[in-house]
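Novice: Here's a sequence, model it:
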Amino acid sequence: MNPLLASRPMRRAIYPGSYDPVTNGHVDIIERAAGQFDEVVVAVMINKSKKSLFTVDERLDMLRDVSVEWPNVRVDSWHGLLVDYCRTHDIQAIVKGLRAVSDFDYELQMAQMNQRLSGVETLFMAANPVYSFLASSLVKEIATYGGDVSALVPAVVERRVVERATERG
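Specialist: Residues are numbered from 1 along each chain as shown. Next comes the predicted model:
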């Protein structure tokens, strides 16, 4: 092994989100981030005021299922400030996927605040154009009305979304 690489600190990143449910767009960012960092934490950020289709534990299970092929990806959850999680777990970077300019406006403000609070950098990944329209909220709406979500979410997630939408329908 190259001695310079052996002595460098581990590069850790976090990819935060609600993942309600995880979509193919999320999986694309997870895969790409896993190729850039030694460890990627995919963190379900808990927002008790948000009405969710899935519990936090269900979202964690789905994320573990879809990220199993990347050994450097770990799934976790957190309630509180993202920068506190980063400090606690020695994470140097936040990964955010951007679908459109409207995402950038909001995410830039958050990135600047996170950098100011903790020094943690935010790295933006442009969404794959195939998924640039995709949002968890759209998946839930389509499934609620019996639409086909098979091209929007991984198969293991599709089954759960359809079951849950049917239960609530």
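
Novice: The residue lying closest to Arg168 once chain neighbours are set aside - how many residues pack around it?
Specialist: Excluding the flanking residues, the one nearest Arg168 by CB to CB, 6 or more residues apart in numbering is Thr144, at 7.1 Å. In this view, the C-beta of every residue, glycine as well, is placed from N, C-alpha and C. Using other CB atoms under 10 Å, Thr144 is surrounded by 15 other residues.

Novice: Just checking, which helix or strand succeeds the helix or strand bottoming out on mean pLDDT in the chain along the chain?
Specialist: The least trusted helix or strand in the chain, going by mean pLDDT, DSSP states H and E, turns out to be helix 3-7, with a mean of 60. Next helix or strand after helix 3-7 toward the C-terminus (DSSP states H and E): strand 12-17.

Novice: roughly how far apart are Gly35 and Asn128?
Specialist: Between Gly35 and Asn128 the distance is 14 Å, computed by CB to CB, to the nearest Å.

Novice: should've said Gln115
Specialist: Counting by CB to CB, the gap from Gln115 to Asn128 is 26 Å.

Novice: Repeat that for Arg160.
Specialist: 23 Å.

Novice: if you count what's nearby, which of these two comes out ahead?
Specialist: Neighbour count, other CB under 10 Å: between Arg160 and Asn128, Arg160 has more, with 21 against 16.

Novice: So that one belongs to a strand, correct?
Specialist: No: Arg160 is assigned helix when assessed by DSSP: H, G, I helix; E, B strand; the rest coil, not a strand.

Novice: ok, it - contacts?
Specialist: Residues near Arg160 by CB atoms under 8 Å, 6 or more residues apart in numbering: Pro21, Phe54, Glu58, Met62.

Novice: State the pLDDT value of the last one.
Specialist: Model confidence at Met62, given as pLDDT, is 98.

Novice: Quick check: it touching Pro21?
Specialist: Yes: counting by CB atoms under 8 Å, Pro21 is a contact partner of Met62 at 6.3 Å.

Novice: Please say which of those two ends up with more neighbours.
Specialist: Pro21 (27 against 24).

Novice: Quickly find the element holding that one.
Specialist: Counting by DSSP H and E, no helix or strand carries Pro21.

Novice: give me the low-pLDDT residue ranges for this protein?
Specialist: Of all residues in the chain, those with pLDDT under 70 make up the ranges 1-7, 169.

Novice: quick one: the helices in it?
Specialist: For the chain, helices defined by DSSP state H occupy the ranges 3-7, 24-34, 56-66, 82-88, 101-118, 136-144, 155-168.

Novice: Export these to CSV and append columns for distance to Val40.
Specialist: Formatted as CSV, the helices of the chain follow (distance: least, CB to CB, whole Å):
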stretch, distance to Val40
helix 3-7, 18
helix 24-34, 5
helix 56-66, 11
helix 82-88, 13
helix 101-118, 17
helix 136-144, 19
helix 155-168, 19
